[in-house]
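**Q** I'll drop the sequence and a predicted model, then ask my questions.
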Amino acid sequence: MDESYDTVRTVTDGRYRYIRNYMPHRAAGMHEAYAWNLKSYQDWERQLLAGKLTPAQAAFFQPKLYEQLFDLHADPDQVVNSAADPAMAGHLRRLRQALDRHMLAINDNGFIPEGSPLRRIMALAETAAKGDSRNLPRLRGSLADPNEVVRCWAAIGLLILGPAAAPAAAQLAGMASSDPSPQVRVPAARPWCGSGASTRVRRCWRSSRPSCRRSRCG
């Protein structure tokens, strides 16, 4: 996605397509300099700002759901998400398992920063992406993990929780200024961007910027 970054995995059996969005807080239509050189993207955004798009057309600019399931025969344009349909539960479960098996079989190293153990990282990334406030204690506990990939995804999970992560604000502020990994400092600092961030966090953000250009976490 050029200068923007997302973490999405998908699998299909030819009839149904399952999509897992590990960063659902990021819209599919993240602004990219190259794409927005096109008049079509510029007009699409103008129509959005003017309130002239249908919900299906505007979805490109909105946060995503953690899971999506589409019937490619009945819905080839993949507009109707059937992941919450009880009648599709069997297909959802089957494709979830197929995706997990494939990711483990190929040792999926797309979880930035790269690291292991993969099964544990996948489980935490899933917890983070679900955006369930009941997982707040687990995410907060994972901020202290010695593994930088675990800390990174814990910070992303708290970012996804938004206001529900308020009890972890002090932890995130501390990590934003002192964590040894720039891949952790970036998502830890993101909740403070544009929100009257403290001087300490702003200093941390500036000091991390050279690393941020290489960091793709959060």
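**A** Thanks, I have the structure now.

**Q** let's see stretch 68-75 as CSV, backbone CA atoms only.
**A** Output in CSV follows, covering the C-alpha atoms of stretch 68-75 (Å, rounded to 0.1, in the frame of the first residue of the first chain):
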residue,chain,number,x,y,z
GLN,A,68,-15.6,-10.3,6.7
LEU,A,69,-17.2,-13.2,4.8
PHE,A,70,-18.6,-12.9,1.3
ASP,A,71,-20.5,-15.3,-0.9
LEU,A,72,-18.8,-14.8,-4.2
HIS,A,73,-21.6,-16.4,-6.2
ALA,A,74,-24.4,-14.3,-4.7
ASP,A,75,-22.3,-11.2,-4.1
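
**Q** give the buried residues for it.
**A** For stretch 68-75, a neighbour-count test (16 or more other CB atoms under 10 Å) marks Q68, L69, F70, D71 as buried. Where you see a C-beta, it was placed from the backbone N, CA and C, and this is true even at glycine.

**Q** for burial, what's the neighbour tally of the nearest residue to the second one once chain neighbours are set aside?
**A** In other words, L69. Sequence neighbours aside, A83 is the residue nearest to L69 in space, at 4.2 Å (criterion: CB to CB, 6 or more residues apart in numbering). When neighbours are counted by other CB atoms under 10 Å, A83 registers 19.

**Q** A83 and L95, how far apart?
**A** 10 Å (CB to CB, to the nearest Å).

**Q** quick one on the thing from earlier: element containing the residue nearest to L69, please.
**A** According to DSSP states H and E, A83 maps onto no helix or strand at all.

**Q** quick one: it from A166, how far?
**A** In terms of CB to CB, A83 sits 29 Å off from A166.

**Q** distance between stretch 49-68 and the chain's centre?
**A** Chain-centre distance of stretch 49-68: 16 Å, with CA atoms, centre = their mean, to the nearest Å.

**Q** just checking, L99 touches V8?
**A** No: counting by CB atoms under 8 Å, L99 sits too far from V8 to count as a contact (11.1 Å).

**Q** quick one, which of these two is more surrounded?
**A** The neighbour comparison of L99 against V8 (other CB under 10 Å) goes to L99, with 19 against 16.

**Q** residue contacts, that one?
**A** By CB atoms under 8 Å, 6 or more residues apart in numbering, the contact list for L99 reads R9, T10, V11, Y18, R20.

**Q** my guess is the fourth one is in a strand, correct?
**A** Yes: counting by DSSP: H, G, I helix; E, B strand; the rest coil, Y18 is part of a strand.

**Q** look up how far R101 lies from the nearest residue to it once chain neighbours are set aside.
**A** Sequence neighbours aside, L95 is the residue nearest to Y18 in space, at 3.6 Å (criterion: CB to CB, 6+ apart). Separation of L95 from R101 (CB to CB) stands at 11 Å.

**Q** neighbour count: those two, which is higher?
**A** L95 (23 against 11).

**Q** where's that one relative to Y16, distance?
**A** For L95, the distance to Y16 - CB to CB - is 6 Å.

**Q** and for the two, which residues touch both?
**A** L69.

**Q** host element of R119?
**A** Using DSSP H and E, R119 falls in helix 118-130.

**Q** report the buried residues of that helix.
**A** Within helix 118-130, judged by 16+ other CB under 10 Å, the buried ones are L118, I121, M122, L124, A125, E126, T127, A128, A129, K130.
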